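Chemist: Take this sequence and fold it.
(chains A and B)
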Amino acid sequence: MPALPRMRTALLVAGAALLARRALRGRIGRSPLWPMPALDRPVSGRGPGRGPAAPLRLRVAERTAAADGVVVLRLTGARLPGWEPGAHLDLVLPSGTVRQYSLCGEPAEAVCPKGGAYTIATRLIEDGRGGSREVHEQLREGMEVEVRGPRNRFPLADCHAYLFIAGGIGITPLLPMVRQAEAEGVPWRLVYAGRSRASMPFLAEVEKLAGAGDGRLTVAAEDEVGRPDLAAALADAPPHAAVYCCGPDPLMDAVAALLPGGAAGLTLHTERFAPAPLAPAGENAPFSVELRRTGRTIAVPADTSVLRAIREQALSDLPYSCERGFCGTCRQRVLAGEVDHRDELLTDAERDDSLLICVSRARGASLVLDL
Amino acid sequence: MSNKSAPRPQPVASERIPLKARNVAFDWADTPLHWIPGDPASAHTINVLHLLLPAGERWFVHVYKQALPLIRDPRLREDVIGFIGQEAMHSQAHDDVLPHLRALGLDPEPYTAQVDWLFEKLLGDRTLPPGRARVWWLKERVAMIAAIEHYTAFLGDWVLNADALDARGADPVMLDLLRWHGAEEVEHRSVAFDLFQHLDGDYRRRVRTWATAFAALVFLWQRGTRFFVANDPSLPGGRASARDFLRGGRQGVLPTPGGMLRSIPQYLSRTYHPSKYGSTEQAAAYLAHSPAATAADATAPGGS
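Modeler: Numbering: from 1, shown residues only, chains lettered A, B, ... in the order given. As a prediction, the model looks like this:
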């Protein structure tokens, strides 16, 4: 090969390389992350609470009686996550029992730079499952407890007016909501029912919040005035108001039943403060699962997970891995049926339409899955 | 069997271990941005893992869920199921570092949004007809994962032996994350390659996907380091340089270029099997003492 053309090729290549380098440099100088496109809605690093939240070790700083049979615990620690009205904590009791308690203090107290505080209140339930008895009898000031959370399954949606209906200790998630509504100047009313004034916690505080007159607060102590007139409260509510109700099941069922007879366009939000009694392992109930796309219905025996039942009876190649509710591989979409979520991974939004079939079960008699 | 048959990868049987995901949690509150004291450039070079792994390992899980029905070997199937859970936890654990980086003033999202695009869109499920085309794309991705896992196992083995990080006083939580992750990578280092061999095993595909994966890793890694150093609020006008990288390698806080170059012919050898490199025993020994892994085992129902 003659020397001249070879040199010409070399020069051309070198020149092209230099030009390309200059063009790229300038381009990358203007936008360092050129030339890759980005996902419009990024997935990575979004939001807290993916994965198990690290448990917090908190100190019981204060233990006071708020009413007959109700103690208020103030738990302190450094760097507490913030929360919004409606949130609850998982409290790990000395015996290892885990119970959920609504946060009823001020959200601002949690994120105080000098060390935050959470406030919870519990009522002693004589014939309960033992959680409240343990709180009342064993938790003393100065003790350390482990908590997880806070999580919020009962968030306060923006609305032009609120009607709060509390039954007894059900006041706890509603109290921060009332304070927030008051602080933001949103009209609110509170119907607070209980057995007797002495047994109703935070009564003085809600009376102070409501101020004198104008009928924002209706206190219905059963030993004085009997049961509250829920029908009247719902009928008097401003149209399209948001109704937040927490209390014993009969109270919440009554509100749900009376809602259609109330003002127009009311929306109901409830939280069961004794979340559906979770059967301890070994006492699970059997139920059925319909696989909508496959067109089959299978039975899930009491001692078998949904995952195992589906794998054995219908779809043997279903993906899964940890079988303990944390890796998320077996997540499936729920089309109908109420889920008893037992995982520790999914966010509340994800729980609305999906479940981890390795641990979670049906709350009722059946589930319909998108499989 | 004739002497002329092509050399085949032979696993080292004693390196196999049953795989299970560990439900780890890390508390990032006390971890500084420059978690290797006095060496921000090396810390950022390793921090690139947090940019690539959340989306990347989520993608592994996504691809392997599709590969699961094609596996005909029950033992490999068990391995893949364990692998999926471990990768899912790796992705979650690294993902949890990102909000902490943001809180320290270094928002990773401009970069992670691109990595998300790479794995969710470019390497995601294509609109392909069911059948051959779809299987081809699945095999291609399975082969890419095998190539990437060669490097994660390399890095895992490196971090388990990187005593210089301890000597330099690196943040214990970050070190535990890296070593827990590294140990599990070493533990399951054969799975991706075994799955590739089981589903396909074509040598040309192995070389082709290795070249793609290697080029992409080099491209993403140098870019990630430059991104971090340029945007670090405590390093105004900071620029990442190759010299810092070589220095980190010499000081033992980063892998050395020599070690990385030597790992290339390993993977391209026709008799390569991941079980020939790294030590399962060392990985298991670390996992038995890792604060995060032992805490996860302790809270497991029925755990010891």
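
Chemist: Can you get me a residue count around residue 55?
Modeler: I went with chain A, as the question did not name one. 17 (other C-beta atoms under 10 Å in any protein chain shown). C-beta here means a position set from N, CA and C on the backbone, and glycine is covered the same way.

Chemist: Please refer instead to chain B.
Modeler: Neighbours around B:A55, by other C-beta under 10 Å: 26.

Chemist: Next: B:D171.
Modeler: If we define neighbours as other C-beta under 10 Å, then B:D171 has 18 of them.

Chemist: Tell me the residues of the stretch 101-250 of chain B that contact chain A?
Modeler: Taking C-beta under 8 Å from any C-beta of the partner chain, the part of the stretch 101-250 of chain B that reaches chain A is made up of B:101-102, B:108-118, B:120-121, B:223, B:226-227, B:230.

Chemist: If you go by neighbour count, which of the residues you listed are buried?
Modeler: B:101, B:108-109, B:111-118, B:120, B:223, B:226-227 (16 or more other C-beta atoms under 10 Å in any protein chain shown).

Chemist: By proximity to chain B, which residue of the stretch 1-150 of chain A wins?
Modeler: A:G45 (2.7 Å; C-beta to the nearest C-beta).

Chemist: which strands and helices sit next to the helix or strand harbouring B:S91?
Modeler: In the assignment (DSSP states H and E), B:S91 maps to helix B:74-95. Other helices and strands packing on helix B:74-95, by 3 or more C-beta pairs under 8 Å, 6 or more residues apart in numbering or on different chains; DSSP states H and E, are helix B:40-67, helix B:172-187, helix B:191-199.

Chemist: could you give the angle of the shortest one to helix B:40-67?
Modeler: Here helix B:191-199 points in a direction 30 degrees away from that of helix B:40-67 (axes from the mean of the first three to the mean of the last three C-alpha atoms, to 10 degrees).

Chemist: what about helix B:191-199, distance to the chain center?
Modeler: Relative to the chain's own centre, helix B:191-199 is displaced by 16 Å; criterion: C-alpha atoms, centre = their mean, to the nearest Å.

Chemist: Just the mean pLDDT for it, thanks.
Modeler: Confidence for helix B:191-199, expressed as mean pLDDT, is 97.

Chemist: returning to what we had before: can you name the two of the buried ones among the residues of the stretch 101-250 of chain B next to chain A that sit furthest apart?
Modeler: B:E120 and B:R226 (23.3 Å; C-beta to C-beta).

Chemist: Helices of the stretch 51-200 of chain A, start to end?
Modeler: Ranges of helices within the stretch 51-200 of chain A are A:107-110, A:131-138, A:171-184, based on DSSP state H, counting those that start in this stretch.

Chemist: Now tabulate those helices in TSV and tack on mean neighbour count and mean pLDDT.
Modeler: As requested, the helices of the stretch 51-200 of chain A are exported to TSV (neighbours: other C-beta atoms under 10 Å in any protein chain shown; pLDDT from 0 to 100):
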stretch	mean neighbour count	mean pLDDT
helix A:107-110	16	84
helix A:131-138	17	81
helix A:171-184	22	92
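
Chemist: Let me have these in TSV, extended by distance to chain B.
Modeler: Shown next, in TSV, are the helices of the stretch 51-200 of chain A (distance: least, C-beta to the nearest C-beta, whole Å):
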stretch	distance to chain B
helix A:107-110	14
helix A:131-138	19
helix A:171-184	25
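
Chemist: Distance to B:I81 added to these, as TSV?
Modeler: TSV is the format used below for those (distance: least, C-beta to C-beta, whole Å):
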stretch	distance to B:I81
helix A:107-110	40
helix A:131-138	36
helix A:171-184	40
